[in-house]
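J.: Below are the sequence and a predicted model; questions follow.
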Amino acid sequence: MVVSINLSSSTWAAISRHRHFCANVLRADQIAIADRFAGRGGLKGQARYEGARWSTLASGALALEGALAAVDCTVEDTIVRHSHALILGSVRHVVSGEPGPALIYHQGAYGSS
């Protein structure tokens, strides 16, 4: 799995230190969580996790309970360019949640599948 992370984010610091991450596929009704992790409202670091339930995956990364899916990855390689890092993750495990419409973000607006 490939993710792109801003080098100035607390997420980059955590991934580069711990060498694992979880990509959560959000449901259409989880906009508030998406906004928190996008930095809207000014929350940073651990404060973004408050108000939701999380479980620890095999890698040590946290998975959002109630998400459509959680993809548990260990960092295989990183490519740093300008303001972002492309992180190549080796998928260790995928947790599937209940089916439903996925949250989509496109051209500055949320939608659903």
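T.: Received it, and whenever you're ready, just let me know what you need.
J.: Thought I31 was touching I104, still the case?
T.: No. Counting by C-beta atoms under 8 Å, I104 stays clear of I31, with 10.7 Å between them. The C-beta positions use only the backbone N, C-alpha and C, and glycine is treated the same way.
J.: ok, the two, which is more surrounded?
T.: I31 (15 against 12; other C-beta atoms under 10 Å).
J.: Could you check the pLDDT of that one?
T.: We have a pLDDT of 96 for I31.
J.: so it touches G111, yeah?
T.: No. I31 lies out of contact with G111 (C-beta under 8 Å); the separation is 10.4 Å.
J.: Who does the residue nearest the centre of the chain form a beta bridge with?
T.: When C-alpha atoms, centre = their mean is applied to the chain, the residue found nearest the centroid is A23 (4.0 Å). Beta-bridge pairing for A23 (DSSP bridges): V71.
J.: measure it to H82 for me?
T.: As judged by C-beta to C-beta, to the nearest Å, A23 and H82 stand 22 Å apart.
J.: before we move on, the earlier item: per-residue confidence for the residue nearest to the centre of the chain?
T.: pLDDT, A23: 97.
J.: can you check the one 3 residues further on too?
T.: According to the prediction, L26 has pLDDT 98.
J.: how close does F21 get to E76?
T.: Taking C-beta to C-beta, one finds F21 at 11 Å from E76.
J.: Between the two, which has more neighbouring residues?
T.: More crowded of F21 and E76, by other C-beta under 10 Å: F21, with 23 against 12.
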